[in-house]
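Chemist: please find the sequence and the predicted model below.
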Amino acid sequence: MAQVCDQCRSKLPRGEAGPICSSCRAKIAAAEQREAGVIAAQAKYDEELAAYSANALATIDAAVGAGGTSFLYRTVHLDVDSLMEEQRPSSGMDLFDLNHSGALGWEVVASIPRTYSGSQTYVAKNKVTATSFGGGSTVQRVSLSGNVVGTYVLMKLAITSMNRAPLDEWIRRILADSAKERLGARPAL
Ligand SMILES: [Zn+2]
């Protein structure tokens, strides 16, 4: 009985001992190399993320330590009462996050409406009209734009020596979030 590769079950080429064929061995080696590359990229990403946060934190601490004020910014998205096709219906503005943030010292500095723009294609069921014009079916595109579907709220937090320590966890989280925005998605396997 001819020997077969454990991986792809194809007949082992003459002179190959197995248990897997050279082509499968090469594929496995390439996959392992890819994986090692991603793991290295992840380590680099984590290092950059930590460095970015540490630098920002050091800058804040220098300012706050000298009696100054530093500011952090973040955006919160609020749904508004808007119902659009393909848009998740919302139950109204959710003020929970705003109130929670406000209690921690965040202040709303601006709100930017988020609008929906796009077009949708409708195919008419009745093909009689279209056939008489030599076409297949009637297709219409309807454009939609400027419909407000939500609001981005820009929030500002003033950091002073008074709240630097109690808000440490928050500050680190916000800094890490902005670093992630800059760095993009973490490489994945
Ligand atoms: Zn094989």
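Modeler: Alright, I've got the coordinates. Numbering: from 1, shown residues only.
Chemist: what mean pLDDT does the strand or helix carrying Arg173 get?
Modeler: Using DSSP states H and E, Arg173 sits in helix 168-183. For helix 168-183, the mean per-residue pLDDT is 91.
Chemist: pull out the buried residues from that helix.
Modeler: 170-171, 174-175, 178-179 (16 or more other CB atoms under 10 Å). Glycine gets a C-beta too; all of them are placed from N, C-alpha and C.
Chemist: which one among the residues you listed gets closest to the ion?
Modeler: Of all these, the ion sits closest to Ala179, with 43.7 Å by CB to the ion.
Chemist: which residues touch that closest one?
Modeler: Contact analysis of Ala179 by CB atoms under 8 Å, 6 or more residues apart in numbering lists 48-49, 52-53, 56.
Chemist: what is the helix ranked longest in the chain packed up against?
Modeler: Under DSSP state H, the helix in the chain containing the largest number of residues is helix 22-65. Under the contact criterion of 3 or more CB pairs under 8 Å, 6 or more residues apart in numbering; DSSP states H and E, helix 22-65 touches strand 70-79, helix 168-183.
Chemist: now with 10 Å, please.
Modeler: Helix 22-65 sits against strand 70-79, strand 139-159, helix 168-183, with contacts defined as 3 or more CB pairs under 10 Å, 6 or more residues apart in numbering; DSSP states H and E.
Chemist: between strand 139-159 and whichever helix or strand comes after the shortest one, find me the angle.
Modeler: Looking back up the chat, that one is strand 70-79. Next along the chain after strand 70-79, taking DSSP H and E as the criterion, comes helix 96-103. With axes from the mean of the first three to the mean of the last three CA atoms, to 10 degrees defining the directions, helix 96-103 sits at 20 degrees from strand 139-159.
Chemist: list the buried ones in helix 96-103?
Modeler: If you call a residue buried by 16+ other CB under 10 Å, then helix 96-103 has these buried ones: 98, 101.
Chemist: what do you get for stretch 24-33?
Modeler: Buried-residue list, stretch 24-33, by 16+ other CB under 10 Å: Cys24.
Chemist: now do it, average pLDDT.
Modeler: Across stretch 24-33, pLDDT averages out at 94.
Chemist: near the ion at all, that stretch?
Modeler: Yes. With CB under 5 Å from the ion as the measure, stretch 24-33 is seen reaching the ion through Cys24.
Chemist: next, the contact list for Leu154, please.
Modeler: Residues counted as contacts of Leu154 (CB atoms under 10 Å, 6 or more residues apart in numbering) are 73-76, 107-112.
Chemist: how far does stretch 58-71 sit from its chain's centre?
Modeler: With CA atoms, centre = their mean, to the nearest Å as the basis, stretch 58-71 stands 30 Å off its chain's centre.
Chemist: please renumber the chain so that the first residue is 9 from this point on.
Modeler: Right, with 9 as the first residue, what we last looked at is stretch 66-79.
Chemist: tell me the buried residues in it?
Modeler: By 16+ other CB under 10 Å, the buried positions in stretch 66-79 come out as 68, 71-72, 78.
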